[in-house]
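Enquirer: requesting a structural model of the entry that follows:
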Amino acid sequence: MAIMMLYFTGSIFAQSGSVGINNDGSSPNSKAMLDVSSTTKGFLPPRMTFSEKIAIATPPAGLMVWCTNCGTSGELQIYNGTTWIVISTSIALSLPDAPTNVTATEGSVSATVTFTAPASDGGTPITSYTATSNPGNITGTLSQAGSGTITVMGLTIGTAYTFTVTATNANGTGAASAASNSVTPVAFAIGQGYGGGIIAYILKPADPGYIPGETHGLIAATTDQSTGIIWSIWSGTSVPGGTSLAIGSGLANTEKIIAQNGAGITYAAGLARAYNGGGFNDWYLPSWNELGELCWMSSNGFGGFAFTHYWSSSEYDWYRARAQSFPSGTSSYYDKDFPNPFVRAVRSF
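Expert: As a prediction, the model looks like this:
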């Protein structure tokens, strides 16, 4: 025969179908099956983790537990017949919904996966997202609450991949999204067709925007946008804020020139910015150093550049702008209203 013993320091009192546990000898409340009374001790419900809690099969409505790893530092929760809720706030606790609008773009042994945050975070803020490849189950993560982009590294060149994204909150990880489009990573090289144009330059560790383990750089348009055009309408005035020579500054230079000259395609920066080759709308006039990389590409037989001068987006002084002779790379400084240099737009990837 099994013997069960209960140890306690107070007293148990039974009256009219009610049981009281206390240490002052008072009778239990007649409306309660169990009345616990104390001024020095509290009621301690079962303690378990979130995983242990959701493993309870078909919990009855009213079941109460202390979830040790829920919320910021644990929460008292009760099952309401449908879901677990926080007793103090009645906020439903569940896993996040699946992210939506998952789209993948191939990279060099990598892919970038964009997504939209789910409509419901499950009653607890989302802390991270994980993108998972198929095949391979190779993952990348992003620690934030909202929509974003995840880079998945270590993919195999020539293998087609799709990706799903999951959201995670304090309660766990929700369902996976629908699969993305299929992408096939490539080995990037100068002169390779990509992103609406031709790869002209791959960033090096010292370059602004370089990210270890990722491949980024410049794409040149496949054709010239002009065979002769002025640099700017305001030919006798410096660009407000000035321009830079550096790799990575061409877009900012272009936007400054357009802010000074207004929208239009009658001058080099405006024409380059209006280009939409490959369906992309982020083209711009290259900076001096970016133009130098296009010149190097030209000298190696890529891009179909003319043997002539091309404008950069870097000004020389208040009335002259910088250009380069292709394919020699010879430096030139022309009046901003000089109409002869060509234009070749670039975009970043």
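Enquirer: now do the end-to-end distance for stretch 223-241.
Expert: 30 Å (Cα to Cα, to the nearest Å).
Enquirer: next, the buried residues of it.
Expert: 224-226, 229-235, 239 (16 or more other Cβ atoms under 10 Å). Backbone N, C-alpha and C define where each C-beta goes, glycine included.
Enquirer: same check on stretch 46-65?
Expert: Under 16+ other Cβ under 10 Å, the buried positions of stretch 46-65 are 48, 50, 53-54, 59, 63, 65.
Enquirer: which residues touch it?
Expert: 45, 66-70, 76-81, 84, 87, 170-172 (Cβ atoms under 8 Å, 6 or more residues apart in numbering).
Enquirer: mind checking which of those are in strands?
Expert: Using DSSP state E, 66-67, 76-79, 84, 172 are the members of the contacts of stretch 46-65 that sit in strands.
Enquirer: from those residues, which is closest to Gly301?
Expert: Within the ones in strands among the contacts of stretch 46-65, proximity to Gly301 (Cβ to Cβ) peaks at Gly172, which comes in at 55.3 Å.
Enquirer: what would the buried residues of stretch 223-241 look like in TSV with secondary structure and distance to Glu106?
Expert: Formatted as TSV, the buried residues of stretch 223-241 follow (DSSP: H, G, I helix; E, B strand; the rest coil; distance: Cβ to Cβ, whole Å):
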residue	secondary structure	distance to Glu106
Asp224	coil	27
Gln225	coil	26
Ser226	strand	31
Ile229	coil	34
Ile230	strand	38
Trp231	coil	36
Ser232	coil	37
Ile233	coil	40
Trp234	coil	41
Ser235	coil	43
Val239	coil	36
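Enquirer: dump the residue contacts of Pro45.
Expert: 64-66, 76 are the contacts of Pro45 under Cβ under 8 Å, 6+ apart.
Enquirer: do you know how far it is from Asn181?
Expert: 48 Å (Cβ to Cβ, to the nearest Å).
Enquirer: and Asn137, by the same measure?
Expert: For Asn137, the distance to Asn181 - Cβ to Cβ - is 18 Å.
Enquirer: out of these two, which sits in the busier spot?
Expert: Asn181 (11 against 7; other Cβ atoms under 10 Å).
Enquirer: helix or strand: which one has the more buried one?
Expert: Using DSSP states H and E, Asn181 sits in no helix or strand.
Enquirer: and of the buried residues of stretch 46-65, the nearest to Asp35?
Expert: Leu63 (20.2 Å).
Enquirer: span of stretch 134-145 from start to end?
Expert: For stretch 134-145, the end-to-end distance is 24 Å (Cα to Cα).
Enquirer: neighbouring contacts of it?
Expert: By Cβ under 8 Å, 6+ apart, stretch 134-145 touches 113, 117, 121, 125-133, 148-156, 159, 161-164, 179.
Enquirer: of those, just the buried ones, PyMOL syntax please.
Expert: The PyMOL command for the buried members of the contacts of stretch 134-145 (criterion: 16+ other Cβ under 10 Å) is given here:
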select buried, resi 113+117+121+126+129+130+131+132+133+148+150+151+152+155+161+162+163+164
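Enquirer: can you flag which of the contacts of stretch 134-145 belong to helices?
Expert: Here DSSP state H is the test, and the contacts of stretch 134-145 give no hits in helices at all.
Enquirer: quick one, which of the contacts of stretch 46-65 are buried?
Expert: 67, 69-70, 77-79, 84, 170-172.
Enquirer: want to throw the residues you listed into TSV with distance to Asn340?
Expert: Putting the buried ones among the contacts of stretch 46-65 into TSV (distance: Cβ to Cβ, whole Å) gives the following:
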residue	distance to Asn340
Cys67	73
Asn69	70
Cys70	70
Gln77	75
Ile78	79
Tyr79	78
Trp84	73
Ala170	64
Asn171	66
Gly172	65
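Enquirer: which of those residues lies closest to Pro99?
Expert: Gly172 (15.2 Å).
Enquirer: so how far is Ile202 from Ser108?
Expert: Counting by Cβ to Cβ - Ser108 and Ile202 are separated by 8 Å.
Enquirer: neighbour-wise, which of these two wins?
Expert: Ser108 (20 against 17).
Enquirer: in the sheet, who's paired with that one?
Expert: Val186 (DSSP bridges).
Enquirer: contacting residues for it?
Expert: 157, 185-188, 215 are the contacts of Ser108 under Cβ under 8 Å, 6+ apart.
Enquirer: likewise Gly191?
Expert: 198-199, 297, 300-303.
Enquirer: can you redo these as JSON lines with distance to Phe349?
Expert: Formatted as JSON lines, the contacts of Gly191 follow (distance: Cβ to Cβ, whole Å):
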{"residue": "Ile198", "distance to Phe349": "11"}
{"residue": "Ile199", "distance to Phe349": "8"}
{"residue": "Met297", "distance to Phe349": "15"}
{"residue": "Asn300", "distance to Phe349": "19"}
{"residue": "Gly301", "distance to Phe349": "22"}
{"residue": "Phe302", "distance to Phe349": "16"}
{"residue": "Gly303", "distance to Phe349": "16"}
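Enquirer: in ChimeraX, select just the buried ones from those residues.
Expert: This is how ChimeraX selects the buried members of the contacts of Gly191, with burial counted by 16+ other Cβ under 10 Å:
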select :198,199,297,302,303
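Enquirer: just the ones in strands from the contacts of Gly191, please.
Expert: Using DSSP E, these in strands are 198-199.
Enquirer: that'll do, ta.
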